[in-house]
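S.K.: Here is the input, now give the coordinates:
(one chain, ligands or ions: 1)
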Amino acid sequence: MPAYDRNNIFARILRGELPCRKVHEDEFALAFHDINPLAPVHVLVIPKGEYVSQADFCAEAPAGQVVGFWRAVAKVARDLGLEPEGYRLVANHGPNGGQLVFHFHVHLFGGRPMSHRMGNMPKTDERK
Ligand code: 5GP
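M.R.: Numbers count the residues shown, from 1 in each chain. Okay, the predicted model is just below:
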């Protein structure tokens, strides 16, 4: 994995240098709509801190931040009304995982039934 780049897109969104369609913000996390949605609801949730990946986040972040982040993910799903019908969380890790932005983020997909082909998700919006 690359070292953390402070000029990655999500770092710049966190600093307010680039705009986003914000869904939620608290001391642990920022959630905003993906610029290229692959489902009726496609939100990204990112931690406030310099973490390249889920592995980096879990290894390096204080325990309270890890808990606060995942509670924020659950709150966003609940607040968007996704809880009763369900939703999918995805975190891409590294090249084989299809990670493009190296600031740890969770994709929250909802608003329609998801495919069961989880291990074979294509790179393009064939996922729609
Ligand atoms: P990854 O493949 O790294 O897990 O996903 C990165 C995601 O970030 C992609 O779904 C992509 O559409 C989204 N994305 C890339 N640049 C921007 C941006 O400037 N704003 C927003 N809101 N999403 C972005």
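
S.K.: Show me the beta-bridge partners of the spatially most central residue of the chain.
M.R.: When C-alpha atoms, centre = their mean is applied to the chain, the residue found nearest the centroid is Val106 (2.3 Å). With DSSP bridges applied, Val106 shows beta-bridge pairing to Val45.

S.K.: what do you get for the one 4 residues further on?
M.R.: Residues in a beta bridge with Gly110, per DSSP bridges, are Val41.

S.K.: Could you measure from it over to Asp79?
M.R.: 12 Å (C-beta to C-beta, to the nearest Å). Every C-beta, even on glycine, is put in place using the N, C-alpha and C of the backbone.

S.K.: Report the contact partners of the residue nearest to the centre of the chain.
M.R.: The contact partners of Val106, taken as C-beta atoms under 8 Å, 6 or more residues apart in numbering, are Leu44, Val45, Ile46, Val73, Leu89, Val90, Ala91.

S.K.: Name the nearest of those residues relative to the ligand.
M.R.: Minimum distance to the ligand across those is 6.0 Å, recorded for Leu44 (C-beta to the nearest ligand atom).

S.K.: Counting neighbours, what do you get for the closest residue to that closest one other than its chain neighbours?
M.R.: Spatial nearest neighbour of Leu44, chain neighbours left out: His105 (4.8 Å); criterion: C-beta to C-beta, 6 or more residues apart in numbering. When counting by other C-beta atoms under 10 Å, one arrives at 26 neighbours for His105.

S.K.: before we move on, what about Phe104?
M.R.: Residues lying near Phe104 (other C-beta under 10 Å) number 26.
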